[in-house]
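Undergrad: Predicted model, plus sequence, below.
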Amino acid sequence: MSEKGEVDLTGAKQNTGVWLVKVPKYLSQQWAKASGRGEVGKLRIGKNQGKAEVSFTLNEDLTMIDSLGDKPSGVRAPRDHPFTMQTVGGQTLAVFTETQSEPSKDKIALEGVVVQRAECRPAASDNYMKLKRLQIEELSKPLRLSQQLEKAVTTNYKPVANHYNNLEYERKKKEEGKRARADKQQVLDMLFSAFEKHQYYNIKDLVDITKQPVSYLKEILRDIGIYNIKGTHKNTWELKPEYRHYQGEEEAKEADD
Amino acid sequence: MTSLGGSSSSSTEYTVRVPKNNSKKYSIMAFNSGDKVNCSTWTQASGTWTGKVMRRQARMERDMSNRRMYGGEETEEGAAGSEFGKKQREEARRKKFGIVTREFKVEDQPWILKINGKAGKRFKGQKKGGVTENASYYIFTQCPDGAFEAFPVNGWYNFVPQAKHRTLTAEEAEEEWGRRNKVVNHFSIMLQRRLREQERGPDDEDEEGEKGGKKKKKKKGARGGDLRIHDLEDDLELSSDESDSSREEGDNKPKKKESVAKGKGKKKKKKRGSDSEANEDSDDGDYEGLEVDYMSDESSSEEEAGEEKAKSNKEDGPKGIDEASDTEDESEEEKQNEEEGKEEEEEEEGKKTPVQMEKKKKRDSSGESDTSEDSDIDGEAASALFMVKKRTPPKRGGGRGSGGSSRTGSRPGTPSIDSASTSNTLRAAASKLEQGKRQVLGGSSDSPAAKRLKMEPGSTATTTQSPAPSGKSTPQPPSGKSTPSSSDVQLTEEAVRRYLIRKPMTTKDLLKKFQTKRTGLSSEQTVNVLAQILKRLNPERKNVNDKMHFYLTE
């Protein structure tokens, strides 16, 4: 059991050495299409007169490239990829993983240390050139295109007697009816509970909360509250000082004394 | 696995697999090789046996200190002072003006890696952008069955070690930079900072009368008057560091001030505009018109320098050889030249407050009895001098003896301006000084030149001594450091003889050896003295490369 944040250091202990390989984008796309156990190709490591030669050969079935668009590309990915080996000097590279097996339980583990860096390069071949050409063509297309239309677009909207939204709105209004003046005491209760939550309110918001007609509400507010004209909270209503008992205010008052 | 035999090459083939179902996300941790990080050492067991050996010693978590920048700070919680629907209104306003705030993505936050618990190293790993854009990185691991498995790399994090020692903040670094020509003892910089913080820590919030009060006031004024961009995460880091409680307290204050300043900023903003205006969210420009205590760099730095030195003088801490020698130098110079007295007073005041100067002189002087008198007068002069912005030795128009004027010439590195008014007061003060102090305080004429400040005259080879080079050692009985053993700087017959014995030299070479900077004599004087010495020695002459070389055979 590891606590949150603990790094599982088994990889470091074993000093597992791994390779960091830079792979071209099209190749990683092809690899993503691999099926079954995920076999994508063969890696050949040879020693040619003292120098290590590494080359990767892509599986035959993975060479079909899907191009963007409808037509089949007819381009095939190159199969041979020699690796260029590089040293890791100048940087110590370690590999760590995050596993999220359960929600919010990140398990961090150190897998190993990079011992060799390599770049996977495609062997220059006709296939590769065609592939590159295809890529360039796709990239060079502008993102936005201006097109001239022959006919004006008439499918967006039609003139209508009254819009759907408006109808809705009017119906809703009718259903609700005019706001009725409730009992003053009830309104006061509603107001006090509202002001418990926030100190400053806009008149519109209060109308919403209490569902009272504006003039009636204003009358009541004039009794128990004050209207801020200037100041930080502009055009808002707040309770009169004798009515309010906020925690924060009391503390501030005490500190001032 | 097939192996192909070949005459000069042999190769083995391995299958490469890219596993599909990956709940694990791979990332790279990059350390600079200079940091010498060895991951295998992280798993050492800790020393204490507490029943369960602490084998796992590395912890890594996301650094969430940036969260509040994006999440937005809740300045007021609860009912007091809050408005109904304020958040929605703020958001609607931002949208209206097209202000797009980037989301706080946990994925992109830096990592904090702690090795070996609190006492061990700490690293911060920042995500390197652009890694997965054009090419993908894969990690190839060899499986037990010989095949390779390739995992795509999700992110690259560059880990840098975090300094556990104290560092200066940007403000302090700027100040120190301004004093870089004057400060020689660099160890004292951090020491003073530590002292400052210790003072700040145990004191209450409302202590203004402290020595550090001035500095803090400036900081407060600076914060309120000129909001500086500072690293929020620095604040957080420091406050979370439990090891130093005084630090915490000291940092709580800047935090409070910061929040106060921020609150001020916010209020101002509201005052200024209603929601219909596009108000700037950054408040940098709000405080431009405000008055600050003083704006000039020099004077402030001097004052603070004075305070700092005051603190350093409070304790008998590492004074550094230069400081110790300073006093001796200064006292020596005083007796010669009123201008020199002035100049070193200026130096003094740059480095110490008048009060402390006194104390320090009293403590330091080794066998110099008149320092008390000097320091009194110094104190007066120095307090008058506190107003001086640039501290430079005044241009000597006359002075006492040729030595004075020649001295100025011999100091290449000194800044040159001075105001006439101060020189008057200085002269007055220095004349009093001179009266009070008659005794020759030799001493330290040979203190190592390297430790001296540029401002100071190169050495203390006194002008009264210059006409008698051979007797250089003699007028310095009181001090114990009279032997010119450390450097061959003195223009003595001995020295010249040594050189000429060693190898033949031209007059130019000899002059080069006795640089005016180091011997304290002017070029004329050096020439004269050298000529006399040569006359006395009567070396043999030899013509090499069309140049007349002198040499001696012993």
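TA: Looks like it came in fine. Numbers count the residues shown, from 1 in each chain, chains lettered A, B, ... in the order given.

Undergrad: and B:Gly178, how many neighbours?
TA: Neighbourhood size, B:Gly178 [other CB atoms under 10 Å in any protein chain shown]: 17. All C-beta atoms are positioned from the backbone trio N, CA, C, and that covers glycine.

Undergrad: any idea how far B:Asp546 is from it?
TA: 50 Å (CB to CB, to the nearest Å).

Undergrad: residues of the longest strand seen in chain B that come out buried?
TA: If you go by DSSP state E, chain B has its longest strand at strand B:148-161. Neighbour counts using 16 or more other CB atoms under 10 Å in any protein chain shown place B:148-159, B:161 of strand B:148-161 among the buried residues.

Undergrad: in stretch A:196-211, what's buried?
TA: A:His198, A:Gln199, A:Tyr200, A:Tyr201, A:Asn202, A:Asp205, A:Leu206, A:Val207, A:Ile209, A:Thr210.

Undergrad: and the end-to-end length of that stretch?
TA: With CA to CA, to the nearest Å applied, stretch A:196-211 spans 18 Å between its terminal residues.

Undergrad: now the chain, which segments are flagged as low pLDDT?
TA: As the question left the chain open, I've gone with chain A. Scanning chain A for pLDDT under 70 picks out A:1-5, A:66-73, A:101-104, A:177, A:230-234, A:246-257.

Undergrad: switch to chain B, that's the one I care about
TA: In chain B (pLDDT under 70), the answer is B:1-9, B:43-57, B:68-84, B:201-489, B:554.

Undergrad: In it, which residue sits closest to chain A?
TA: Relative to chain A, the nearest point of chain B is B:Ser11 (2.7 Å; CB to the nearest CB).

Undergrad: and that residue, what are its bridge partners?
TA: Applying DSSP bridges to B:Ser11 gives these bridge partners: A:Gly46, B:Leu4.

Undergrad: try A:Thr236
TA: Beta-bridge pairing for A:Thr236 (DSSP bridges): A:Asn228.

Undergrad: how much space between it and A:Gln199?
TA: 9 Å.

Undergrad: One more: A:Lys130?
TA: Counting by CB to CB - A:Lys130 and A:Gln199 are separated by 70 Å.

Undergrad: Likewise for A:Leu131?
TA: Relative to A:Gln199, A:Leu131 is positioned 66 Å away (criterion: CB to CB).

Undergrad: Equivalent analysis for A:Arg244, please.
TA: In terms of CB to CB, A:Arg244 sits 7 Å off from A:Gln199.

Undergrad: Give the intersection of the neighbour lists for those two.
TA: Contact criterion CB atoms under 8 Å, 6 or more residues apart in numbering or on different chains; residues shared by A:Arg244 and A:Gln199: A:Glu238.

Undergrad: For the stretch 51-200 of chain A, just list every one of the helices.
TA: A:126-140, A:164-176, A:184-197 (DSSP state H, counting those that start in this stretch).

Undergrad: Quick one: closest of these to chain B.
TA: helix A:184-197 (5.8 Å).

Undergrad: which helices and strands sit right next to whatever helix or strand comes next after the closest one?
TA: Later in the chain than helix A:184-197, the nearest helix or strand by DSSP states H and E is helix A:203-210. When contacts are defined as 3 or more CB pairs under 8 Å, 6 or more residues apart in numbering or on different chains; DSSP states H and E, helix A:203-210 packs onto helix A:184-197, helix A:214-224.

Undergrad: OK, now which residue of chain A is nearest to chain B?
TA: For chain A, CB to the nearest CB, closest residue to chain B: A:Gly46, 2.7 Å.
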